[in-house]
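Novice: Fold the following and give me the result.
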Amino acid sequence: MSSNPIRAAFEAQHKGNAQRRLTFGLTDRRQALDRLATTVRGNEKALITALKADLGRPEAEAILSDYLPVLQEIAHARRHLGAWMKPRRVWPTLATFGASGRVVPQPRGTCLIIAPWNFPFQLALGPVVSALAAGNAVILKPSEMTPATSALLKRLISETFPPDLVTVIEGGKEVAEELLALPFDHIFFTGSPAVGRIVMAAAAKTLASVTLELGGKSPVIVGPDANLRLAADWITFGKFLNAGQTCIAPDHLFVHDSVKDRFLTLLRARIARAYGTGEASPHLARIVTPAHAQRLAALIADAVQKGATTSGQQNGQEIGPHLIEGTTPDMRLNREEIFGPLLPIIPYQDEAEVVARINQGDKPLALYVFDRDQRRIDRILESTTSGGVGINLTLVQFTHGNLPFGGVNTSGIGAAHGHAGFRAFSHERAVLRNRFLLLPMLFPPYGPRTMQLIGLVKRVLG
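Specialist: Here you go, the predicted model:
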């Protein structure tokens, strides 16, 4: 056993994989999920306290965005696990007529999960649920930017699982680099596209498979026939939950000229009702670090210097909702992922210009459309690509256990949640059994009969 604690933790899990593959079946996996659910339920108050310390998260928001989603993920996986684990029979093709084929999900082995800081409990334990459901061992590396939640995760996991099944390793960049150098069987990373590239490059060295949950600039479109009050409600919720520090938050807003003034009046009123007009709101989370707050302040200053107008309060890490009008493409907030409570307002007249602008950039993790004209919605969806879509809603596509959650290219690789998460942490093994295959009739030596049979096959295939 290595004297290096990180390598020792990896080796302990790797050593147990062979035995775990034989013994860690449906009953054991369900029991592991049950233990995790019991631990989470017993630490609700501790979680609320940790999220308050790390992010200034309101209690209701902590429960809705971190606590309940983990319990939902566990319940969904437990309910469907038997069906997910069952080998899936497949129909034979012409060449394999006379054989029976099936797909058998197997654990990938030892998995590394690198969790982000914005939802430090949910986005750590959600993938752990999928990994355990698929029968894997897990090393979880939480974010150093949320130390209270990270310490809580370490305590809860150590109280719930043996370290050769699940263990938490805390630390910063150096620890992440040391972990990424190990030959994991699968790496699940949630974070920025820039760091996602580093993770993928590290995985290439050991040929580990990856799931990358990244981000990007997710647009929201308010069309000319939108229910404006509904749009104001959902956009306020989706943009300012966790102070906008959400990978699928609306990044910028396209609003049709014909409804812009009415919509902005409703949106401002809805924001004021949700968060007030003072410097700090008890219903709005805090920006995670001074450095992140300074970056957001610099985005505001850059936009104002270049002619934009905005209203909103900022005091250190307490940054209130900002609606920013008069933006231009050269402004930083139109080029960088915002990841904060700043919402650029972009009026438009023709949906084609909106589609063109979306398609000029990287493929977003989410796209939101508010409209009642189904043909217009269909045109927008057919003309664009995104990880997911919300129609007349925001964020909730993330919580749907039967929908895969993932991005495209720079917004992500692979998918998570529910069955998609189980498959991400599984190797789908192809098994083919010979029953009465006719293929030996085509084995050498080749003669006229062989060519006749080949001709028959060619005619069947057209």
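
Novice: going forward, measure contacts between C-alpha atoms and count neighbours the same way
Specialist: Fine.

Novice: For residue 376, grab the count of nearby residues.
Specialist: 16 (other CA atoms under 10 Å).

Novice: Give me the mean pLDDT for the helix or strand harbouring residue 204.
Specialist: Assessed by DSSP states H and E, residue 204 sits inside helix 193-206. Across helix 193-206, the average pLDDT comes to 96.

Novice: Tell me which other helices or strands the helix or strand just after that helix touches.
Specialist: Elements were assigned by DSSP H and E; along the chain past helix 193-206, the next helix or strand is strand 209-213. Helices and strands touching strand 209-213, by 3 or more CA pairs under 8 Å, 6 or more residues apart in numbering; DSSP states H and E, are strand 186-190, helix 193-206, strand 412-413.

Novice: Could I have the CA atoms of the longest one written out in PDB?
Specialist: In this case it means helix 193-206. C-alpha atoms of helix 193-206 as PDB (Å, rounded to 0.1, in the frame of the first residue of the first chain):
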ATOM      1  CA  PRO A 193     -15.400  24.700 -20.000                       C
ATOM      2  CA  ALA A 194     -11.800  26.000 -19.300                       C
ATOM      3  CA  VAL A 195     -11.200  23.500 -16.500                       C
ATOM      4  CA  GLY A 196     -13.200  20.900 -18.400                       C
ATOM      5  CA  ARG A 197     -10.500  21.000 -21.100                       C
ATOM      6  CA  ILE A 198      -7.800  20.400 -18.500                       C
ATOM      7  CA  VAL A 199      -9.800  17.400 -17.100                       C
ATOM      8  CA  MET A 200     -10.200  15.900 -20.500                       C
ATOM      9  CA  ALA A 201      -6.600  16.300 -21.400                       C
ATOM     10  CA  ALA A 202      -5.600  14.500 -18.100                       C
ATOM     11  CA  ALA A 203      -8.100  11.700 -18.800                       C
ATOM     12  CA  ALA A 204      -6.600  11.200 -22.200                       C
ATOM     13  CA  LYS A 205      -3.300  10.300 -20.600                       C
ATOM     14  CA  THR A 206      -4.900   7.300 -18.900                       C
END
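
Novice: buried ones in that helix?
Specialist: By 16 or more other CA atoms under 10 Å, the buried positions in helix 193-206 come out as 193, 196, 199-200, 202-203.

Novice: so how far is that helix off the chain centroid?
Specialist: 17 Å (CA atoms, centre = their mean, to the nearest Å).

Novice: neighbouring contacts of that helix?
Specialist: Outside helix 193-206, the residues that touch it by CA atoms under 8 Å, 6 or more residues apart in numbering are 180-184, 187, 189-190, 209-210, 212, 214-216, 410-412.

Novice: Please apply the same query to the first one.
Specialist: Outside of strand 186-190, the residues that reach it under the criterion CA under 8 Å, 6+ apart are 108-116, 123, 127, 196, 199, 203, 208-214, 425.

Novice: before we move on, what about the shortest one?
Specialist: For strand 412-413, the external contacting residues (CA under 8 Å, 6+ apart) are 193, 210-215, 365, 387, 406-407.

Novice: Show me the shaky parts of the protein.
Specialist: 1-2, 278-279 (pLDDT under 70).

Novice: mind running it again at 90?
Specialist: Low-confidence segments of the chain, defined by pLDDT under 90: 1-3, 16-23, 93-97, 277-280, 311-316, 438-442, 453-454, 456-462.

Novice: Leaving out chain neighbours, which residue sits closest to residue 35?
Specialist: The shortest distance from residue 35 to any non-neighbouring residue, by CA to CA, 6 or more residues apart in numbering, is to residue 160 (6.4 Å).

Novice: can I assume that neighbour is in contact with residue 36?
Specialist: Yes: Residue 160 is within contact range of residue 36, at 6.5 Å (criterion: CA atoms under 8 Å).

Novice: what's the distance between residue 394 and residue 234?
Specialist: The gap separating residue 394 from residue 234 is 6 Å, by CA to CA, to the nearest Å.

Novice: go on, residue 137?
Specialist: Where residue 234 is concerned, residue 137 sits at a distance of 39 Å (CA to CA).

Novice: Which one of those two is surrounded by more residues?
Specialist: The neighbour comparison of residue 137 against residue 234 (other CA under 10 Å) goes to residue 137, with 28 against 19.

Novice: packing partners for whatever helix or strand residue 131 lives in?
Specialist: Counting by DSSP H and E, the element that carries residue 131 is helix 122-133. On a contact count with 3+ CA pairs under 8 Å, 6+ apart, helix 122-133 meets helix 26-41, helix 68-85, strand 110-114, strand 137-141, helix 418-424.

Novice: any idea how far the most centrally placed residue in the chain is from residue 196?
Specialist: The centre of the chain sits closest to residue 213, judged by CA atoms, centre = their mean, with a distance of 4.3 Å. Going from residue 213 to residue 196 by CA to CA gives 8 Å.

Novice: try residue 4
Specialist: Taking CA to CA, one finds residue 4 at 26 Å from residue 196.

Novice: now do residue 68
Specialist: Taking CA to CA, one finds residue 68 at 27 Å from residue 196.

Novice: Repeat that for residue 427.
Specialist: 22 Å.

Novice: Can you give the distance from whichever strand or helix holds residue 301 to the centre of its chain?
Specialist: In the assignment (DSSP H and E), residue 301 maps to helix 290-305. Its chain's C-alpha centre lies 26 Å from the corresponding centre of helix 290-305 when counted by CA atoms, centre = their mean.

Novice: Next, the buried residues of the following helix or strand past that helix.
Specialist: As assigned by DSSP H and E, the chain's next helix or strand after helix 290-305 is strand 309-311. In terms of neighbour count (16+ other CA under 10 Å), strand 309-311 has its buried residues at 309-310.

Novice: re the thing from before, residue 160 and residue 36: which is more packed in?
Specialist: Taking other CA under 10 Å, residue 160 and residue 36 do not tie; residue 36 has more neighbours (23 against 17).

Novice: contacting residues for that one?
Specialist: residue 160 are the contacts of residue 36 under CA under 8 Å, 6+ apart.

Novice: for residue 108, same thing?
Specialist: By CA under 8 Å, 6+ apart, the neighbours of residue 108 are 136, 185-186, 425-427.

Novice: who wins for neighbours among those residues?
Specialist: Result: residue 425 is most packed of the contacts of residue 108 (other CA under 10 Å), 32 neighbours.

Novice: Next, count neighbours for the spatially closest residue to it that is not a sequence neighbour.
Specialist: Nearest residue to residue 425, sequence neighbours excluded (CA to CA, 6+ apart): residue 131, at 5.5 Å. When neighbours are counted by other CA under 10 Å, residue 131 registers 30.

Novice: Over to the one 3 residues further on?
Specialist: By other CA under 10 Å, 30 other residues sit near residue 134.

Novice: Likewise for residue 3?
Specialist: Neighbour tally, residue 3, other CA under 10 Å: 7.

Novice: Just to be sure, it is in a helix?
Specialist: No: applying DSSP: H, G, I helix; E, B strand; the rest coil, one finds residue 3 to be coil, outside a helix.
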